[in-house]
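[1] give me a model of this one.
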Amino acid sequence: MQYTTLLTLLTGTTAVLAAPGSPVLPRQATPTIYARFYPDGGCHGDWVEDVVFPQNTNDCIAVNVAATYGSIGFLNNTATRTLKVYSEPGCDESGRHFELAPKELNCFAQQVKSAKFL
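    The predicted structure follows:
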């Protein structure tokens, strides 16, 4: 009798393990932009820090990079909206800024303190 019970338990466990996985979570489907900060002005050499900009907000995104850097390289971009990047905190337009179009990959020699999806 114990053998039958053990076999039933093992079969049940196997069935649970073989159950299909859950669907893709919404956070996994969020478009993002991945960037690395480089010490020089042309996105060369070893990167010193990286950041991900998730396209799940309309708010200003603070960028706090502790390392010294001279450029930012955008290496992966699945965004469907333009990202506006600012040299000042709080998405203040009084400083330098540039726009990164959806799917665009590029390098910019600029300090980055904040960004916002348009």
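
[2] need the next SSE after the one helix or strand F98 maps to, C-terminal direction.
    Per DSSP states H and E, F98 falls inside strand 97-100. Sequence order places strand 106-108 as the next helix or strand after strand 97-100, per DSSP H and E.

[3] which elements pack onto that following strand?
    Where contact means 3 or more Cβ pairs under 8 Å, 6 or more residues apart in numbering; DSSP states H and E, strand 106-108 is packed against strand 71-77. For the C-beta atoms, the positions are set from N, CA and C on the backbone; glycine is no exception.

[4] can I get the following helix or strand past the strand it packs on in CSV, CA atoms only?
    Following strand 71-77 in sequence order, the next helix or strand is strand 83-86 (DSSP H and E). Extracted in CSV, the C-alpha atoms of strand 83-86 (Å, rounded to 0.1, in the frame of the first residue of the first chain):
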residue,chain,number,x,y,z
LEU,A,83,13.5,60.1,-24.3
LYS,A,84,14.5,63.7,-23.5
VAL,A,85,17.8,63.8,-21.5
TYR,A,86,18.8,66.9,-19.4
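
[5] just to revisit the earlier point, starting at the chain centroid, how far to the strand holding F98?
    17 Å (Cα atoms, centre = their mean, to the nearest Å).

[6] so which strand or helix has the spatially most central residue of the chain?
    Centroid-nearest residue in the chain: V52, 3.0 Å away (criterion: Cα atoms, centre = their mean). Using DSSP H and E, V52 sits in strand 49-54.
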